[in-house]
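Peer 1: test case, fold it:
(2 chains)
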There are 2 protein chains.
Amino acid sequence: MTLSLNSPISESPQADYPAIGTRPWPGLIETYRPFLPVTDATPIVSLCEGNTPLIRVPAIAERVGRSVQVFVKYDGLNPTGSFKDRGMTLAISKAKEMGAEAVICASTGNTSAAAAAYARRGGLRAFVIIPDGYVAMGKLAQALLYGAEVLAIQGNFDQALTMVRQLAEHYPVTLVNSINPFRLEGQKTAAFEVVDVLGDAPDWLCIPVGNAGNITAYWMGFCEYHQQERCQRLPRMMGFQAAGAAPMVLNHTVTHPETVATAIRIGNPANRDRARAVQEASQGEFSAVTDEEILAAYRLLAAEEGIFCEPASAASVAGLLKVKDRVPAGATVVCVLTGNGLKDPDTAIKHSQNQVKGGLPADLETLAGVMGF
Amino acid sequence: MTLSLNSPISESPQADYPAIGTRPWPGLIETYRPFLPVTDATPIVSLCEGNTPLIRVPAIAERVGRSVQVFVKYDGLNPTGSFKDRGMTLAISKAKEMGAEAVICASTGNTSAAAAAYARRGGLRAFVIIPDGYVAMGKLAQALLYGAEVLAIQGNFDQALTMVRQLAEHYPVTLVNSINPFRLEGQKTAAFEVVDVLGDAPDWLCIPVGNAGNITAYWMGFCEYHQQERCQRLPRMMGFQAAGAAPMVLNHTVTHPETVATAIRIGNPANRDRARAVQEASQGEFSAVTDEEILAAYRLLAAEEGIFCEPASAASVAGLLKVKDRVPAGATVVCVLTGNGLKDPDTAIKHSQNQVKGGLPADLETLAGVMGF
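Peer 2: Predicted coordinates for the structure are as follows:
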């Protein structure tokens, strides 16, 4: 698909825009009900997640050149600040349908926040298991405020994962970690939204890859829409990992993954095989980007496009810029921004390369001089 | 207006819901163009702001009782995390139309973040003046990452305000502080969205009041829609201030305003007279809520509704709960949540009244016991 350079998306109203104003957005389960494993008996637990903006990013498109059109899918504007809400609305709704009174996950970040918010909204208890002494309070602020019961165990993250699996097996508590199958079913709706707005699938989808669930879910979404003839094409799925945590690129597990992009600091992806199949089916690729490239894209998105995302999210844009010469002329590219930059203010402060100019007198001419007037 | 208890809003699809899927949201200027002071010559600087969810809050409605229906307008899901984006998309677009190459504001919070994001997206320089030694870095992380040029002057916040006014008067830099008239014009679109979703204005609008601009803007929006017969009624405007910063309630300036709700810690509201007129015209009220009440509502929103807002935002819900016995039976109430809770993680940590249970062994039965199984 080739949109004209003056395409109306996100810049001017559609010709078929029915009327002034918005319309109720009932959340993604109600919106995409025919595509999701729900029935009239499913109690829908929703925070009106989804419907996140697809934003044109001209400064990035200019760097790619050759009339390529670039958009970001800003999923950091979901209710808890990340794409995890898409999977969690479904996982919690299904858990409730099956009579669960509690859910559990091992997570220190976006998953625990989403699990806690949706569980509590649905009247369920939310347990979060973390390794003791390992997790900064800032990362847990959301889950704690949402009312999660956070238990820190002696051991590492793998042991925390083992414990949540065993607890879910032996006690009446539903696992909502990434192996919960409803998570990906919910996440695939992001692909639906992209197609609904663009009118077709993009030529390329650039996406950060950690546990490799989201790339799998997007592909499920594009394929289902394609089968229903809601899109005419399927995108190349371009997955980007941090160089220090790139098991899909290296094709082997990384024992000690390291990257500033904590949300994709994963050495042994749960969805490794499915993501490999996606790459092959879509003629896509997995590539690595360095932390420096990720941070440069992170700053570029903020300072030239006005978009503040999590460092991990910027891997999709860093990746696009890295392989930009191979994007077909005139192609349409969507980069997925998975989380809100407000989730990680420390990185913003540490890596903004910008600082306050202090100690200035409250004097008009002095200030004007500092400002360059 | 009385919606039925099983009203479809945010819970099931509308009967007239045209088709599966979302539609492009081009941002609020394009959406509400006929109501805004823009022309074909205005270069629209947009991040697809607006279209924020109106979320049903049943746990709060239950506390109000008598079949009152309560929604929150969650404006923290705007691109920079607060309602300020609504005004800033218009203020920056108009500044650019008038040939500005730089904008300036005195702000330590949401305004500086929004100003920086929109200015940089529009290719303008963004200056932020703050009092030296007064502002925590965390509050400035967003503005710095967005590429604002932050100047700290010797003096207090009033002197910073004086300096930005003088700089805007004498040099080629456009003031985007609250006295910029386009700010309120943009903010009024939140009222449009509420009406578009509900089908009419609510019976009550509960809103936090600091500088008193947003209550003024909402009223402008309801009145314009009413004149165009897009709503049949006008709401009572119920403004809530923090008890330590309640000039509209006390009817005099507060010299040293103090409250945990920093976004409404204002002792001398810029829009005092206009907000007073709104209160009178709408038969509304200004009331004060204590920090304890604000924090209780903040925790309630998170732990029972799954919604994480700024402390100042929770003043609207705290206020509703304070005067709940006076809400007419069956009425529809909208509480405005102005900002995202992720803006202020320190408050979440300090006031969640929840904590990690640490030092637990990685042992199945011990953990099950702690969990109550």
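Peer 1: for the rest of this, base every contact and every neighbour count on C-alpha atoms.
Peer 2: Noted.
Peer 1: looks like A:Asp200 contacts A:Pro235 (just checking).
Peer 2: No: the criterion here is Cα atoms under 8 Å, and A:Asp200 misses it with A:Pro235 at 9.6 Å.
Peer 1: for the residue nearest the centre of chain A, give its distance to B:Tyr146.
Peer 2: The geometric centre of chain A, computed from its C-alpha atoms, lies nearest to A:Thr338 (Cα atoms, centre = their mean), at 1.9 Å. For A:Thr338, the distance to B:Tyr146 equals 18 Å [Cα to Cα, to the nearest Å].
Peer 1: cool, A:Arg63 as well?
Peer 2: 19 Å.
Peer 1: with A:Gln241 instead?
Peer 2: Here A:Gln241 is placed at a distance of 25 Å from B:Tyr146 (Cα to Cα).
Peer 1: who's more crowded, the two?
Peer 2: B:Tyr146 (34 against 31; other Cα atoms under 10 Å in any protein chain shown).
Peer 1: next, A:Ile207: secondary structure please.
Peer 2: strand (DSSP: H, G, I helix; E, B strand; the rest coil).
Peer 1: give me the number of residues near it?
Peer 2: Considering only other Cα under 10 Å, A:Ile207 is surrounded by 30 other residues.
Peer 1: list the residues that contact it.
Peer 2: A:215, A:237-240, A:313, A:315-316, A:335-337 (Cα atoms under 8 Å, 6 or more residues apart in numbering or on different chains).
Peer 1: just send the residues you listed back as JSON lines, with secondary structure too.
Peer 2: Output for these, formatted as JSON lines (three-state DSSP):
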{"residue": "A:Ile215", "secondary structure": "helix"}
{"residue": "A:Met237", "secondary structure": "strand"}
{"residue": "A:Met238", "secondary structure": "strand"}
{"residue": "A:Gly239", "secondary structure": "strand"}
{"residue": "A:Phe240", "secondary structure": "strand"}
{"residue": "A:Ser313", "secondary structure": "helix"}
{"residue": "A:Ala315", "secondary structure": "helix"}
{"residue": "A:Ser316", "secondary structure": "helix"}
{"residue": "A:Cys335", "secondary structure": "strand"}
{"residue": "A:Val336", "secondary structure": "strand"}
{"residue": "A:Leu337", "secondary structure": "strand"}
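Peer 1: which of those residues sit farthest apart?
Peer 2: Farthest-apart pair in the contacts of A:Ile207 is A:Met237 and A:Ser313; separation 15.6 Å (Cα to Cα).
Peer 1: which of these two has more neighbours?
Peer 2: Under the neighbour definition other Cα under 10 Å, A:Met237 and A:Ser313 were set side by side, and A:Ser313 has more, 31 against 26.
Peer 1: which of the contacts of A:Ile207 has the largest number of neighbours?
Peer 2: A:Ala315 (35 neighbours).
Peer 1: that one contacts A:Phe240, doesn't it?
Peer 2: Yes: counting by Cα under 8 Å, A:Ala315 does reach A:Phe240; the two are 6.1 Å apart.
Peer 1: mind checking how far the residue nearest to the centre of chain A is from A:Ser178?
Peer 2: In terms of Cα to Cα, A:Thr338 sits 15 Å off from A:Ser178.
Peer 1: can you list the low-confidence ranges for chain A?
Peer 2: Scanning chain A for pLDDT under 70 picks out A:1-19, A:134.
Peer 1: now the strands for it?
Peer 2: According to DSSP state E, chain A carries its strands in the segments A:54-56, A:69-74, A:102-106, A:125-131, A:149-153, A:174-175, A:204-208, A:236-242, A:285-289, A:332-337, A:357-360.
Peer 1: parallel or antiparallel, which strands does the shortest one pair with?
Peer 2: Sheet neighbours of strand A:174-175, with direction, are listed as strand A:102-106 (parallel) (DSSP bridges).
Peer 1: next: the fifth one.
Peer 2: Paired neighbours of strand A:149-153 in the sheet (DSSP bridges): strand A:125-131 (parallel), strand B:357-360 (parallel).
Peer 1: so what touches the last one?
Peer 2: This points to strand B:357-360. A:132, A:149-154, B:366-367.
Peer 1: separate out the buried members of these.
Peer 2: Buried members of the contacts of strand B:357-360, scored by 16 or more other Cα atoms under 10 Å in any protein chain shown, are A:132, A:149-154, B:367.
Peer 1: A:Val150 bridge partners, please.
Peer 2: When bridges are called by DSSP bridges, A:Val150 pairs up with A:Val128.
Peer 1: what residues does it make contact with?
Peer 2: The contact partners of A:Val150, by Cα under 8 Å, 6+ apart, come to A:127-130, A:144, B:355-357.
Peer 1: is there a quick PyMOL command that grabs whichever of the residues you listed are buried?
Peer 2: This is how PyMOL selects the buried members of the contacts of A:Val150, with burial counted by 16+ other Cα under 10 Å:
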select buried, (chain A and resi 127+128+129+130+144) or (chain B and resi 355+356)
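Peer 1: could you dump the contacts of A:Val150 to a markdown table with distance to A:Leu295?
Peer 2: Shown next, in a markdown table, are those (distance: Cα to Cα, whole Å):
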| residue | distance to A:Leu295 |
| --- | --- |
| A:Phe127 | 33 |
| A:Val128 | 30 |
| A:Ile129 | 30 |
| A:Ile130 | 27 |
| A:Leu144 | 29 |
| B:Gln355 | 32 |
| B:Val356 | 31 |
| B:Lys357 | 34 |
